[in-house]
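Novice: dropping a prediction and its sequence here:
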Amino acid sequence: MEFVIRRDEFLECLSTVTTITSSKEISSIVGNVLLEAEDNYISITATDLEKSLRNRVPALVSKKGSILLPGKKLTELVKGFRYDTMKFMSVGEKVVVQNGNPEQERKYKTHIEIMGMPSDEFPIPFQVNKLEFHSMSSVMVQEMINKVFYASAVDDARIVFNGIFVEFREDLLHFVATDGRRLALIKRKEENFLNGRTMIIPLKSVKEIKRLLADSEEIQIAHNPNENQVYIKSGDIYFSTKLIEGNFPDYTYVIPTDLPHRAEIYREDFINAIRQAMVFAPEPNKQVQLHFSPNILMVVSSTPELGKVEDGIECNYDGPNMAIGFNSNYLLDVLEALTSNHVVMSFKNPESPVLFHDPNDENFLCIVMPMKIHE
């Protein structure tokens, strides 16, 4: 393997990929990156055995080949390299790095060696040639993720709750997340690329996908049911992740329908009132109380030894007086995920699930279980 590459471009590509490598295991497979010199570009691949990233960058390749190199050390080497171009030459399981400018190299004689490993020891994470990729709007996917991911569980024993459930139902793409105490659902019109299948994307992988979405207008997605993996392509970057195995429960059964009371609240006022009340919300659940009366919502919290908050905001409500307790973090999660000016709460009584939704989006909802009010 032999190639010359621009340092800045190589560093940018390398930095993108090594976000999933482990700095604590630099001598293992998951601490290494796979370098592949191909026609006119270098591919860099990293994996933590659950998810994988591959990126590529233009290069002047004079000899094709591949090798494993420690990801973090390689990044540090490239970051500290003093010249604009770098020349890489593999000699067995060792790579020699020199100045890519021949005149400067003859004069200053830069010589760096970095020990590698055979490339065939790397688990091949990308078998994409036979997969059918489907194009999707990055903006739409990002919106769907943002409106549900906060409701996903973290390290729950019910492993199917530790990610976002994806399915097509009634000709709409559904993203669902729940931790058993709340549930968020969003539906959007999209071509059915799952062909009757479903998938559960792990929360850790969702965070990586969000990072990719921020840098692109369109992504391509492919589901490989044989390997239980999903592949996402954004520009020259490929990302793959293993999916969570298991049967996600039928969430439609927990969506309440008998909700006779409705309150519409200006979202920013609501957020600010909750943040104010959280100052004296009791630990560990930071409970706040919502006291509804005609056209007024009082947001209340109290910790006797510290103080209390009672903050009234306008709301469109004409039902009976009612007080409902909530984990304030749950309220903020759903309110901050929305982009609408108003939010609608629908409920039956202080003990029943409460439904939050955007008055301008019938295809989004979030259900939050209330808490018993502590007097």
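Specialist: Perfect, thanks for sending it.

Novice: okay, residue 89: pLDDT?
Specialist: Looking at residue 89, its pLDDT is 96.

Novice: and for the one 5 residues further on?
Specialist: Reported pLDDT at residue 94 in the predicted model: 94.

Novice: do residue 319 as well
Specialist: 94.

Novice: leaving out chain neighbours, which residue sits closest to it?
Specialist: residue 261 (4.0 Å; Cβ to Cβ, 6 or more residues apart in numbering). Every residue, glycine included, has its C-beta placed from N, CA and C.

Novice: could you look up the SS state of the nearest residue in space to residue 214 that is not next to it in sequence?
Specialist: Excluding the flanking residues, the one nearest residue 214 by Cβ to Cβ, 6+ apart is residue 142, at 7.3 Å. Taking DSSP: H, G, I helix; E, B strand; the rest coil as the rule, one finds residue 142 in the helix state.

Novice: for residue 142, give me its contacts.
Specialist: Going by Cβ atoms under 8 Å, 6 or more residues apart in numbering, residue 142 touches 210, 213, 214.

Novice: now name the helix or strand holding the residue most central in space within the chain.
Specialist: Note on the chain: the residue nearest the mean C-alpha position is residue 207, at 2.0 Å, using Cα atoms, centre = their mean. Element membership for residue 207 (DSSP states H and E) is helix 203-213.

Novice: what helices or strands is that helix leaning on?
Specialist: Contact partners of helix 203-213 among helices and strands, from 3 or more Cβ pairs under 8 Å, 6 or more residues apart in numbering; DSSP states H and E: strand 51-58, helix 138-146, strand 163-169, strand 229-234, strand 237-242.

Novice: could you check the angle strand 237-242 makes with the third one?
Specialist: So the one you mean is strand 163-169. 90 degrees (axes from the mean of the first three to the mean of the last three Cα atoms, to 10 degrees).

Novice: just the fourth one next, same as before
Specialist: Regarding strand 229-234 and strand 237-242, their directions subtend 160 degrees when assessed with the same axes, to 10 degrees.

Novice: other SSEs contacting strand 229-234?
Specialist: Packing contacts for strand 229-234, counted by 3+ Cβ pairs under 8 Å, 6+ apart, involve helix 203-213, strand 218-224, strand 237-242.

Novice: so what strands line up beside that strand?
Specialist: Take DSSP bridges as the rule and strand 229-234 pairs in its sheet with strand 218-224 (antiparallel), strand 237-242 (antiparallel).

Novice: dump the C-alpha coordinates for the shortest one into CSV.
Specialist: C-alpha atoms of strand 237-242 as CSV (Å, rounded to 0.1, in the frame of the first residue of the first chain):
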residue,chain,number,x,y,z
ILE,A,237,-20.1,8.0,4.8
TYR,A,238,-21.6,4.6,5.5
PHE,A,239,-23.0,3.8,8.9
SER,A,240,-24.3,0.4,10.0
THR,A,241,-25.6,-0.9,13.3
LYS,A,242,-27.0,-4.1,14.7
